[in-house]
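1. Provided below for reference: sequence and predicted model.
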Amino acid sequence: VLNYASVHPPVHLLRYTVVQDISAVVRALEQGVKKADVDPAVKAVVICGTNGTFSAGADIRGFSSIQAGDRPSLASVIDLIERSEKPVVAAIEGMALGGALEVALGCHYRVAHAQAWVGLPEVTLGLLPGAGGTQRLPRLIGVPAALDLITTGKHVLAAEALKLGIIDEIMEENTIDAAIHLANKVSGQPLNSRRLSLKQVQSLPNMDAILSEALVKVKKQARGCLSPEMCVQAVKASVQLPFTEGIRKERELFNLLLSSGQAKALQYVFFAQRAAQKWTTSSGASWKTASAQPIRKVAVIGLGTMGRGIVTSLVKAKMSVVALEQDQKQLEVGARAVTSLLEREASKMPWIGQRPDACDPALLQFTLDFSVLQDADLVIEAVFEDMALKKEIFHKLSAICKPGSFLCTNTSALDIDEIASATSRPHQVIGTHFFSPAHVMKLVEIIHGRHTSPITIATAMGLAKTIGKIGVVVGNCFGFVGNRMMAPYAEQAVFLLEEGCKPKEVDQALEGFGFNLGPFRMLDLAGLDVGWRSRKGQGLTGPKLAPGTPARLRGRRRYSPLPDLLCENGRYGQKTGRGWYQYEKPGARIANPDPWLHNFLIRYRDAHHIKARFIDEEEILERCLYTLINEGFQILDDGIASDPEDIDVIYIYGYGWPKHRGGPMFYASTIGLPRILAKLQKYSEAHPDIPRMQPSAFLKKLVFLGNPPLKEWMSHAGHQSSKL
Ligand SMILES: CC/C=C\C=C\CC(=O)SCCNC(=O)CCNC(=O)[C@H](O)C(C)(C)COP(=O)(O)OP(=O)(O)OC[C@H]1O[C@@H](n2cnc3c(N)ncnc32)[C@H](O)[C@@H]1OP(=O)(O)O
């Protein structure tokens, strides 16, 4: 929306904001600037936003209609602004992001409100600032600072923007009046020195090293994502080429990214993440029907790894927390660990006012006394995965806590309904599956039991948001969404070892695909004993296993005892210094191939008459990823996840799935469901004893229906009554 308002002659005010159609903004800006240019009564122009916001940039949905090769007309309008013979001042309130900051960079002066913030987040959307931003910003603030902003997409507050030189003035009060004042003041002064396209990038003696180090850094962090690397290339062009040629290079790189498919995936994730926040249940409950209850005091039970991280997240969000342990020694160890985590977190926060205060007794209290939990608005139990223990705690909580308290269990797999059955208030019981380390990882699976009330879901989702996490509402089944899908993936990884792979080969294939960690490095990090305990609980190994059970079969299903054998040998992963890899010492992080394991695998294969074969990367990827995706289709059909976007958000924020591939279900849609089905059919014929490889009925149905787009999948899901 753009108004050309002559309210403060001789300065003309151009107001604009995010609109559905970026070309409407571009047209209106063009008309406004041209009109002001030819109007002799106008001496200067101020560009501002509406309702206290300059602009959040282009409508991301509009990018899908931009064709590679289209002339980005925003760039031409920015040129027009910069060429104007009358001073143009940007008055930045709220935010100026992406194309909006590029508009401001085309202006001759920039004034911002003290609370405003600016940034070029295009890289996070798989793009680069394509309207001159990569050429103007280095000219304005120098290459190192521009590289930092453009390759990370980070936002900076006005004070920092002023320090960097992006902003000329900061205002505590009326920014627009201040901009008008400045525009009047500079009217008639020469403008060439304010035109960034005419400036040279400040030269630095070590410029080549800065650029090549930046390239190495982004390549290492990007895990195959192209946009950070293209951003560096574009900034490099600002150093090495004249402005107009730099712009040409920027456009070339922008078009390349636009057509890469990664931009589509990253933009899908932007909306999927927001869609996941708008949970709905099959019974129609949603934010519209249930609101989050205010949570002032939270209790956390258990100060193990998960409890410590959860307490840290809560205190960071300035919530009042009481942390309970069962004995003095564990309480002291836990309290020390939390304090040190909080101190580390505080050191990362530049603003004193935002820092968590580990010493504030009003905020954080440690106790052994269960009765202190009485007035907590919400309790998060974070003891280890033992159903009997959890039920005992919930029974106690049900008796002690005030009637309105919500009771959450941090579990990665256990049955929420069974835990809730130990209480007299199952409607107020919910699963909150945090991911380790809980003060770092963004995801929380919010697990809805049979009796969980919509208000309880809303409250858990509200709490996740308050502490800066992404909550995703899922149904109740063993492993919920994330771990249920992880099981066939990890199972395939171990079967591949049996058949001839080395752990490093499997990890390299999946890390090459873009995962943070391959399955074996991930298992070593998480601790192999976790899965061992769970398998013993399920009777798959250990004392509950029926005597005479064949080593590699459970019922008629293929089973690999390899992970159990490692645990029996005391190899629990990083914490013991030995697992699928060896480490320099317990707790060390660098994984090295272990000759012991190599020989162990040879003996194991001999003992079970398995002939090792060469397995190529394609088979490793297809078997691990397609079985995971197959389980995802089953989960959708069962109603455990309400849509594919939720699964994708869970995998990106909880399991290190590469964001530029859009999550497993989006990835499946890009591969094409017929291909996934054909491959699963091929592998399941070769391995009839692996039921999880048999294609899900829902996947088959979608292929039969002609491979509909992802958005339409759920209209074909077969579950009679959603468990959500
Ligand atoms: C040739 C090149 C020409 C032009 C190039 C231009 C480049 C660009 O401008 S790229 C876009 C750059 N801008 C962004 O990336 C901003 C993205 N948005 C955000 O970071 C946040 O939404 C926010 C603006 C900081 C606001 O955050 P918050 O208050 O937490 O609200 P949200 O829930 O995130 O958003 C509310 C609502 O708005 C939708 N939305 C936000 N930004 C955009 C956008 N740029 N395009 C389209 N839609 C946007 C968001 O999806 C939410 O919608 P719901 O329907 O409510 O989910």
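-> Nice, I can see it.

2. Enumerate every residue touching A376.
-> 297-299, 322, 401-402, 405 (Cβ atoms under 8 Å, 6 or more residues apart in numbering). Just so you know, the C-beta spots here come from the backbone N, C-alpha and C atoms, and that holds for glycine as well.

3. same deal with G188?
-> Taking Cβ under 8 Å, 6+ apart, we find G188 in contact with K43.

4. Checking it next. Helix, strand or coil?
-> Classification of G188 by DSSP: H, G, I helix; E, B strand; the rest coil places it in coil.

5. three-state assignment of L463?
-> Under three-state DSSP, L463 falls in the helix class.

6. what's the burial count for it?
-> Here the count is done by other Cβ atoms under 10 Å, and L463 has 27 residues near it.

7. roughly how far apart are Q115 and A317?
-> Distance from Q115 to A317, counting by Cβ to Cβ, to the nearest Å: 20 Å.

8. And L517, by the same measure?
-> According to Cβ to Cβ, L517 and A317 sit 28 Å apart.

9. Need the three-state assignment for G431.
-> Of the three states, G431 takes strand according to three-state DSSP.

10. burial count for it?
-> Using other Cβ under 10 Å, G431 is surrounded by 27 other residues.

11. who touches it in this structure?
-> Residues counted as contacts of G431 (Cβ under 8 Å, 6+ apart) are 408-411, 416, 419, 445-449, 476, 480.

12. re the thing from before, give the buried subset of the contacts of A376 as a ChimeraX selection command.
-> Written as a ChimeraX command, the selection of buried residues from those, which uses 16 or more other Cβ atoms under 10 Å, is:
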select :297,298,299,322,401,405
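
13. List the ones among the contacts of A376 that fall in strands.
-> Using DSSP state E, the members of these that fall within strands are 297-299, 322.

14. and of the residues you listed, the nearest to the ligand?
-> Nearest to the ligand among the ones in strands among the contacts of A376, counting by Cβ to the nearest ligand atom, is V298 at 22.8 Å.

15. Please name the bridge partners of the closest one.
-> Per DSSP bridges, the residues bridged to V298 are V321, L378.

16. separation between the nearest residue to S260 once chain neighbours are set aside and G309?
-> Leaving aside its chain neighbours, S260 sits nearest to L226 (5.7 Å; criterion: Cβ to Cβ, 6 or more residues apart in numbering). Using Cβ to Cβ, L226 is found at 33 Å from G309.

17. what does T409 give?
-> Distance of T409 to G309, computed by Cβ to Cβ: 16 Å.

18. who's more crowded, the two?
-> Applying other Cβ under 10 Å to T409 and G309 shows that T409 carries more neighbours, namely 27 against 24.

19. wait, what's in contact with the more buried one?
-> By Cβ under 8 Å, 6+ apart, the contact set of T409 is 380-381, 390, 394, 416, 419, 429-432.

20. This structure against the ligand: which residues are in contact?
-> With Cβ under 6 Å from any ligand atom as the criterion, the chain meets the ligand at residues 18, 56-61, 72, 74, 97-99, 121-122, 125, 130-131, 271, 274.

21. Provide a list of residue ranges in the stretch 51-200 of the chain with pLDDT below threshold.
-> Within the stretch 51-200 of the chain, the ranges that satisfy pLDDT under 70 run 66-72.

22. Can you show me the helices along it?
-> Secondary structure of the stretch 51-200 of the chain (DSSP state H, counting those that start in this stretch): helices at 73-83, 99-106, 133-141, 143-152, 158-164, 175-186.

23. hmm, who's touching the fourth one?
-> The set of residues that contact helix 143-152 without belonging to it, under Cβ under 8 Å, 6+ apart, is 119-120, 123, 128-129, 133-134, 137-138, 140-141, 154, 156, 164, 201-202, 204, 207, 210-211, 214, 218, 228, 231-232, 234-235, 238-239.

24. same check, this time on the longest one
-> Surrounding helix 175-186, the residues in contact under the criterion Cβ under 8 Å, 6+ apart are 8, 10-11, 13, 43-46, 48, 87-93, 108-109, 111-113, 116, 168-169, 171.

25. For it, list every residue counted as buried.
-> Burial within helix 175-186, assessed by neighbour count using 16+ other Cβ under 10 Å, is assigned to 175-176, 178-184, 186.

26. Then the fifth one?
-> Neighbour-count burial for helix 158-164, with 16+ other Cβ under 10 Å as criterion, is recorded at 158-162, 164.

27. Which part of the stretch 401-550 of the chain gets nearest to the ligand, residue-wise?
-> K465 (9.5 Å).

28. What's the local residue count around that residue?
-> K465 has 15 nearby residues by other Cβ under 10 Å.

29. thought it was touching G471?
-> Yes - contact criterion Cβ atoms under 8 Å: K465 and G471 qualify, at 6.8 Å.
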